[in-house]
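Colleague: The following comprises the amino acid sequence and a computationally predicted model.
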Amino acid sequence: MKANGLCFILACSAICCMRSQAQSSQPFLLKTGDSVVFYGDSITALRFYTGEVEEIMLTRYPEMRVEFFNAGVPGDTVYGGLAGATATRLARDVFPIKPTVVTVMLGMNDTGYVPFDQHIFDVFQSGYTTLLNSLSTALPQAKITLIAESPYDEVTHGTQFPGLGPTAQRYGNFVEQQARERHDTFANFNNALDTALRSAAKQNPDYAALLIPDRIHPSEVGSWVMAEELMRAWGASPEVSFQGIDASGGTVDTARNADISKLQKTDSGLSWTALEKALPIPFSPDDPLMQFALRATTLPSQDQEILQVTGLLAHNYSLQIDGKPIAELSSAELSAGVNLALLSTPMLNQARGLHWLEFRKVSLDMSRYVLESERPSTPDGADAVKTLREAITSLTEQQHRDGQPKPHQFALVATPAKK
């Protein structure tokens, strides 16, 4: 592995330690049996960040069973829109589900796409508090998460609506204030993505512009920043697993969220079996934009699958998993700790299988919502909705089956020193 790769891994490990310490006292918000409704506008309706949240849940907490429902509608405001007024939307799309968790992300359309206007802002504030009061009255036991809407990107694209970026941020500040006063969970998508945009723009402005390609709707890659921000707000663990091995003594120093067995010294290094209790997040190893985002943002800090091996005698090793070469690593890199989540491993391949199933589910769910909520009078619509729901349930069950972690055979094989 090149030196810059080592620096990146060390930096990510340091971030992970800080975040783990910061989150250690915060229990994870979700539990088995929870049902989550994502309520919002077109950014939610795209189902990028919402599907990615479900993918993180499937990989980080494979034993947990949580249901997710998307209630996002393009163009929606705190007063409703395309699919009905807010009261209609809540009564049809939220209350019947009896969710235990509801997220609310609105505000972009409420700005009117003009420079800050106090009257428009006052109207938004009134509608927002009315919406929250309706949720609290109908669902007194539900946990509410308020989200500051993702930013209007004036960082990488310039602007079509001058001043909209600061205006959207101001709306987000109000949302944060509401969360604080109501003691609701708060996730700041605006700040998280703005920080990511500014960091990415310094490294590659062309790639950075693809995170929010139309200035408003984050891409699938950009949405991972939002998904991880929400998981952090909920108190999710950033750790997939930690394998700590002392090669000199042939012993396991630390095993967190992993069972290590059959550890033995070999003539050329070490071998062992590991059953990790989670999978890495299914970031695509073949997508150049995704790989750029992993380098340019803090995404890896929430995806820590660390292998640390100390006391190695040789200078360089081939890491092999299930007999397949994965990476060439130095003993210094292994001693510092290598984030396996950034490598193409059998564990990542398994997680990627869940991603493709999620893509299929999202496509079916978008059709289901249109037929059930936006076009309920469509001929034979009820039968189609039933068929779609059954297909979605089947895919969900397949995800839970396919997402159960498997044991893997690890080996470190000494290789000749590089000239």
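Modeller: Yes, it's here. Residues are numbered from 1 along each chain as shown.
Colleague: Strands along the stretch 1-150 of the chain, start to end?
Modeller: 35-40, 67-72, 80-81, 84-85, 101-105, 143-148 (DSSP state E, counting those that start in this stretch).
Colleague: would you turn these into TSV with mean pLDDT and mean neighbour count?
Modeller: Using the backbone N, CA and C atoms, a C-beta is placed for each residue, glycine as well. Putting the strands of the stretch 1-150 of the chain into TSV (pLDDT from 0 to 100; neighbours: other Cβ atoms under 10 Å) gives the following:
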stretch	mean pLDDT	mean neighbour count
strand 35-40	98	24
strand 67-72	96	21
strand 80-81	92	18
strand 84-85	94	14
strand 101-105	98	25
strand 143-148	98	23
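Colleague: got those as JSON lines, with distance to Leu132 columns?
Modeller: As requested, the strands of the stretch 1-150 of the chain are arranged in JSON lines below (distance: least, Cβ to Cβ, whole Å):
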{"stretch": "strand 35-40", "distance to Leu132": "11"}
{"stretch": "strand 67-72", "distance to Leu132": "15"}
{"stretch": "strand 80-81", "distance to Leu132": "15"}
{"stretch": "strand 84-85", "distance to Leu132": "16"}
{"stretch": "strand 101-105", "distance to Leu132": "7"}
{"stretch": "strand 143-148", "distance to Leu132": "7"}
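Colleague: closest one to Tyr113 among the ones you listed?
Modeller: Across these, Tyr113 has its closest neighbour in strand 80-81 (14.3 Å, Cβ to Cβ).
Colleague: Looking at the strands of the stretch 1-150 of the chain, spot the one closest to Asn173.
Modeller: Asn173 sits nearest to strand 143-148 of all the strands of the stretch 1-150 of the chain, at 7.6 Å, using Cβ to Cβ.
Colleague: And that closest one, what does it pack against?
Modeller: Helices and strands touching strand 143-148, by 3 or more Cβ pairs under 8 Å, 6 or more residues apart in numbering; DSSP states H and E, are strand 101-105, helix 118-138, helix 164-182, strand 185-188, helix 189-203, helix 220-233.
Colleague: one more time with 6 Å, if that's ok
Modeller: Packed against strand 143-148 by the contact rule (3 or more Cβ pairs under 6 Å, 6 or more residues apart in numbering; DSSP states H and E) you find strand 101-105, helix 164-182, strand 185-188, helix 189-203.
Colleague: Nearest to Asp153 among the ones you listed would be which one?
Modeller: Closest approach to Asp153 among these (Cβ to Cβ): helix 189-203, 6.1 Å.
Colleague: Can you tell me which of the helices and strands packed on strand 143-148 is most buried?
Modeller: strand 101-105 (a mean of 25; mean count of other Cβ atoms under 10 Å).
Colleague: right, and Ala148 touches Gly172 too?
Modeller: Yes: counting by Cβ atoms under 6 Å, Gly172 is a contact partner of Ala148 at 3.1 Å.
Colleague: Which neighbours do those two have in common?
Modeller: The overlap between the contact sets of Ala148 and Gly172 (Cβ atoms under 6 Å, 6 or more residues apart in numbering) consists of Asn190.
Colleague: For Ala341, give me its contacts.
Modeller: Ala341 touches Pro280, Asp303, Glu305, counting by Cβ under 6 Å, 6+ apart.
Colleague: Helix, strand, or coil at it?
Modeller: Under DSSP: H, G, I helix; E, B strand; the rest coil, Ala341 falls in the helix class.
Colleague: which one of the helices and strands packed on strand 143-148 lies closest to Tyr152?
Modeller: Of all the helices and strands packed on strand 143-148, helix 164-182 sits nearest to Tyr152, with 4.4 Å by Cβ to Cβ.
Colleague: domains of this protein?
Modeller: As assigned by automatic domain parsing, the chain contains the domains 29-236, 238-419.
Colleague: and those, which is most packed in?
Modeller: Neighbour counts (mean count of other Cβ under 10 Å) averaged over each of those peak at domain 29-236, with a mean of 19.
Colleague: So what's the gap between that domain and the chain middle?
Modeller: The gap between where domain 29-236 is centred and where its chain is centred comes out at 13 Å by Cα atoms, centre = their mean, to the nearest Å.
Colleague: what's the first-to-last distance across it?
Modeller: End-to-end span of domain 29-236 (Cα to Cα, to the nearest Å): 8 Å.
Colleague: please begin residue numbering at 732 from this point
Modeller: Okay, residue one is now 732; in that scheme the one you just asked about reads as domain 760-967.
Colleague: Fine, thanks again, bye for now.
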